[in-house]
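J.: Have a look at this prediction, sequence included:
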Amino acid sequence: MRLFASIYLDEDVSVLVAVLLRAKGFDAVTTRDEQMLTQPDPRQMAHAISLERCILTHNRLDYERLHQAYIAQGLPHFGIIISSQRTPYDIAQRLSVLLNALTADEFENQLLYI
């Protein structure tokens, strides 16, 4: 069992969030790191799953739909975290609290908001 979830930042989330999370010891990569810039949301979601990572996004509507589609089809994912537009420091702080509160397994198939 993995203690901490690994995070994949959608391209609409500041790369500074990944830097701040890494500084706190968390495993975070960005679409830029993965050479996935400009890819559509369904492809981003599939890539996050291939990496066994929870995706962090600001794109509430598209990812709520993706979550519903995955659940309806019985397809697993490693979690979706939706953040409202905040400073990178605020997002990293809120996400750190969540990462410390839940194990990686507890993120699976969940749609969470920070």
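T.: The structure has been received and is ready for your questions.
J.: which non-adjacent residue is nearest residue 45?
T.: Distances taken as C-beta to C-beta, 6 or more residues apart in numbering place residue 66 nearest to residue 45, at 5.2 Å, with adjacent residues excluded. For glycine as for every other residue, the C-beta is placed from the backbone atoms N, C-alpha and C.
J.: nope, residue 33 is what I was after
T.: Counting by C-beta to C-beta, 6+ apart, the residue nearest residue 33 is residue 18, at 7.6 Å.
J.: Could you tell me whether the one you found really is in a strand?
T.: No - assigned with DSSP: H, G, I helix; E, B strand; the rest coil, residue 18 falls outside any strand and is helix.
J.: can you give me phi and psi for the residue nearest to residue 45?
T.: Phi and psi for residue 66, reported as degrees, to the nearest 10, are phi -60, psi -40.
J.: One more: residue 80?
T.: For residue 80, the backbone dihedrals (degrees, to the nearest 10) come out as phi -130, psi 130.
J.: Next: the one 3 residues further on.
T.: Summarising the backbone geometry of residue 83 under the convention degrees, to the nearest 10, its torsions are phi -120, psi 140.
J.: dump the residue contacts of it.
T.: Residue 83 is in contact with 13, 56, 57, 58, 91, 94, 95, 113, 114, counting by C-beta atoms under 8 Å, 6 or more residues apart in numbering.
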